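S.K.: All I have is the shape, not the residue letters:
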């Protein structure tokens, strides 16, 4: 785990002793796909770093309607906002795949930050960037039509691989949760993009074949 931690901001500023101190308070945990790791409203007692797999951060209203606000990849941290602030969890986190995390108790992690103030400063910067990105994302969702939100998700998560643009194959329900729309509308838009050969679908990816139309 030591070699993994030293690649992650803000811990990449630590010397070997500091990294060993961080590793000593980390607890490795494994979670299966579709497990809820953090429940919105729960008391705060730990934070996490994702080592393997993918997770989603989402909020849920009283009627059970969900909005995904962030997709977590290896190296991403979660749970620190409520942990440092000392208030209940502001969002839920669930696994999209089998996952491995490093978990840190509140008491031990805050003690670690006191001993390594340079990490506290870098962590504050990371949290500020996360708030900015989340605000921009929610603003885009609020101001765009459903088609624009769907294509935004495809463009946002596209990566270049073997001269192709690949997007993880989120389910239609997961995409609907990311953009605050219905699954049926997402399915209709994706089907029409596929019919027009703008995208194709494999067992693991959506493949963007050409520039997506600006409007539906």
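M.R.: Nice, thanks for sending it over. In this text the structure is predicted, and so the values were computed from the model without any measurement.
S.K.: biggest helix in the chain by residues?
M.R.: Scanning the chain for the helix with the most residues, using DSSP state H, yields helix 117-143.
S.K.: counting contacts, what elements does that helix pack onto?
M.R.: Contacts defined by 3 or more C-beta pairs under 8 Å, 6 or more residues apart in numbering; DSSP states H and E place helix 117-143 against strand 66-72, helix 80-85, helix 106-115, helix 146-157. All C-beta spots, glycine's among them, are computed from the backbone N, C-alpha and C.
S.K.: Now do the buried residues in the shortest one.
M.R.: Using 16 or more other C-beta atoms under 10 Å as the burial criterion, the residues of helix 80-85 that qualify are 80, 81, 82, 83, 84.
S.K.: Give me the average confidence score over it.
M.R.: What helix 80-85 shows for mean pLDDT is 81.
S.K.: What's the local residue count around residue 12?
M.R.: A count of nearby residues for residue 12, using other C-beta atoms under 10 Å, gives 12.
S.K.: can you check residue 26 too?
M.R.: The tally of other residues near residue 26 (other C-beta under 10 Å) stands at 21.
S.K.: Ok, the one 3 residues further on next?
M.R.: A total of 14 residues lie near residue 29 under the criterion other C-beta under 10 Å.
S.K.: That one contacts residue 98, doesn't it?
M.R.: No. In this structure, residue 29 is not within contact of residue 98 by C-beta atoms under 8 Å, at 11.8 Å.
S.K.: before we move on, back to that, residue 162: which of the buried residues of helix 80-85 is nearest?
M.R.: residue 80 (35.9 Å; C-beta to C-beta).
S.K.: The closest one: what's it in contact with?
M.R.: Taking C-beta atoms under 8 Å, 6 or more residues apart in numbering as the criterion, residue 80 is in contact with 47, 123, 127.
S.K.: what's the answer for residue 102, then?
M.R.: By C-beta under 8 Å, 6+ apart, the contact list for residue 102 reads 1, 5, 26, 27, 28, 29, 48, 49, 51.
S.K.: Relative to residue 69, how far out is residue 215?
M.R.: Distance of residue 215 to residue 69, given as C-beta to C-beta, to the nearest Å: 26 Å.
S.K.: Compare those two (neighbour count), which wins?
M.R.: Neighbour count, other C-beta under 10 Å: between residue 215 and residue 69, residue 69 has more, with 18 against 7.
S.K.: For the more buried one, which non-adjacent residue is closest in space?
M.R.: Nearest non-adjacent residue to residue 69, counting by C-beta to C-beta, 6 or more residues apart in numbering: residue 57, 5.3 Å away.
S.K.: partner residues bridging residue 100?
M.R.: Going by DSSP bridges, residue 100 is paired in beta bridges with residue 30, residue 52.
S.K.: ok, it - contacts?
M.R.: Applying C-beta under 8 Å, 6+ apart to residue 100 gives the contacts 28, 29, 30, 31, 50, 51, 52, 53.
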